[in-house]
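A.B. asks: fold the following and give me the result.
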Amino acid sequence: MGIILLSVTAALGQAGPAAGGVPTGTQQAEPVSYASVTQLNGMLAQLEASSKDTQADLVKLRIEHWKTSTASKKETLAKVDSIQRNLQGALPEVIGQLRAAPEDLPTTFKLYRILDALCDVVGSVAEDTGAFGTKDELQLVANDLNGFDATRKQMAQRMESLSSAKEAEIVRLRTDLKTAQAAIPAVPPKKTVVDDNAPPPKKPVVKKKPVAKPAALAGTPGAAPAGQTPPAAAPSKPQ
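C.D. replies: Residues are numbered from 1 along each chain as shown. From the prediction side, this is the model:
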């Protein structure tokens, strides 16, 4: 029994909003058909009615008067408490998310997991009631179990239908993409022509710089000091 309680707690605990507190369904932008919304609203209304009836029926159980051990009574009371807490918390939260995004698959799957877990735990309480409770108590819990199970089956069919529709949409989008790509004309790549007979390019002529002549050294005969004009040569005497 403890394993069942752990499984329902884990399933319902994962049914909260996505990271950041934003429900997954708020990202849905595509319009939803009237038939799909009508179908979902009927299922959710049925589920809310089952939840309300179950909460009232569980209060009517007189588990403390059952002819069984104290440990068995405590175990059944723990199951009832788990069901009540999740019917008042996690279930309404996910129902609200699904109403905001009627065809969101992750949220739809969350609700299905909650229903699957609830059927397990309510079924376990029904077994305990059949073993230790009265016939009237058993009838109440059995009706509650049937209500959850009926909605679970409808939710499974809806998930299958939505999955098929999403898959068909993906195939259509891929086909449209291929058609659009085929309609785009192919651009030929640029070609570079190499002429093997063309003469090689001429190398540029590098002009040599003229070498500067060295200046006359001071003290050389006949050389004037720097910055002065050399004196004129004396005329030769006649013989």
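
A.B. asks: now for the longest helix seen in the chain, which elements pack on it?
C.D. replies: Longest helix of the chain, by residue count under DSSP state H: helix 135-183. In terms of contacts (3 or more C-beta pairs under 8 Å, 6 or more residues apart in numbering; DSSP states H and E), helix 135-183 is packed against helix 34-60, helix 105-132. For every residue, glycine as well, the C-beta is placed using N, CA and C.

A.B. asks: can you put those in CSV and add mean neighbour count and mean pLDDT?
C.D. replies: Formatted as CSV, the helices and strands packed on helix 135-183 follow (neighbours: other C-beta atoms under 10 Å; pLDDT from 0 to 100):
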stretch, mean neighbour count, mean pLDDT
helix 34-60, 15, 96
helix 105-132, 20, 96
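
A.B. asks: which one of these lies closest to Thr151?
C.D. replies: helix 34-60 (4.8 Å; C-beta to C-beta).

A.B. asks: same for the closest one, what does it pack against?
C.D. replies: helix 70-88, helix 90-100, helix 105-132, helix 135-183.

A.B. asks: and the first one, how far out from the chain middle?
C.D. replies: Remark: helix 70-88 is offset 36 Å from the chain centroid, using C-alpha atoms, centre = their mean, to the nearest Å.

A.B. asks: and it, what's buried?
C.D. replies: If you call a residue buried by 16 or more other C-beta atoms under 10 Å, then helix 70-88 has these buried ones: 73, 75-76, 79-80, 82-83, 86-87.

A.B. asks: returning to that earlier point: looking at the helices and strands packed on helix 34-60, which has the lowest confidence?
C.D. replies: Mean pLDDT values for these show the minimum at helix 135-183, a mean of 89.

A.B. asks: just want the angle from that one to helix 70-88.
C.D. replies: For helix 135-183 against helix 70-88, the angle by axes from the mean of the first three to the mean of the last three C-alpha atoms, to 10 degrees is 40 degrees.

A.B. asks: need the buried residues of helix 70-88 in JSON lines (columns: distance to Arg113).
C.D. replies: Output for the buried residues of helix 70-88, formatted as JSON lines (distance: C-beta to C-beta, whole Å):
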{"residue": "Lys73", "distance to Arg113": "29"}
{"residue": "Glu75", "distance to Arg113": "23"}
{"residue": "Thr76", "distance to Arg113": "23"}
{"residue": "Lys79", "distance to Arg113": "18"}
{"residue": "Val80", "distance to Arg113": "21"}
{"residue": "Ser82", "distance to Arg113": "15"}
{"residue": "Ile83", "distance to Arg113": "15"}
{"residue": "Asn86", "distance to Arg113": "12"}
{"residue": "Leu87", "distance to Arg113": "15"}
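
A.B. asks: state the distance from Ser36 to Ala186.
C.D. replies: For Ser36, the distance to Ala186 (C-beta to C-beta, to the nearest Å) stands at 42 Å.

A.B. asks: my bad, should have said Val121
C.D. replies: On the measure of C-beta to C-beta, Val121 and Ala186 end up 62 Å apart.

A.B. asks: equivalent analysis for Thr68, please.
C.D. replies: Separation of Thr68 from Ala186 (C-beta to C-beta): 80 Å.

A.B. asks: check Asn41 too.
C.D. replies: With C-beta to C-beta as the criterion, Asn41 and Ala186 are 51 Å apart.

A.B. asks: ditto for Glu75
C.D. replies: Taken as C-beta to C-beta, the span from Glu75 to Ala186 is 72 Å.

A.B. asks: again with Ala90
C.D. replies: Taken as C-beta to C-beta, the span from Ala90 to Ala186 is 56 Å.

A.B. asks: the two: who's more crowded?
C.D. replies: Neighbour tally, Ala90 and Ala186, criterion other C-beta atoms under 10 Å: the higher count belongs to Ala90, 23 against 6.

A.B. asks: who are the contact partners of Ala180?
C.D. replies: Residues near Ala180 by C-beta atoms under 8 Å, 6 or more residues apart in numbering: none.
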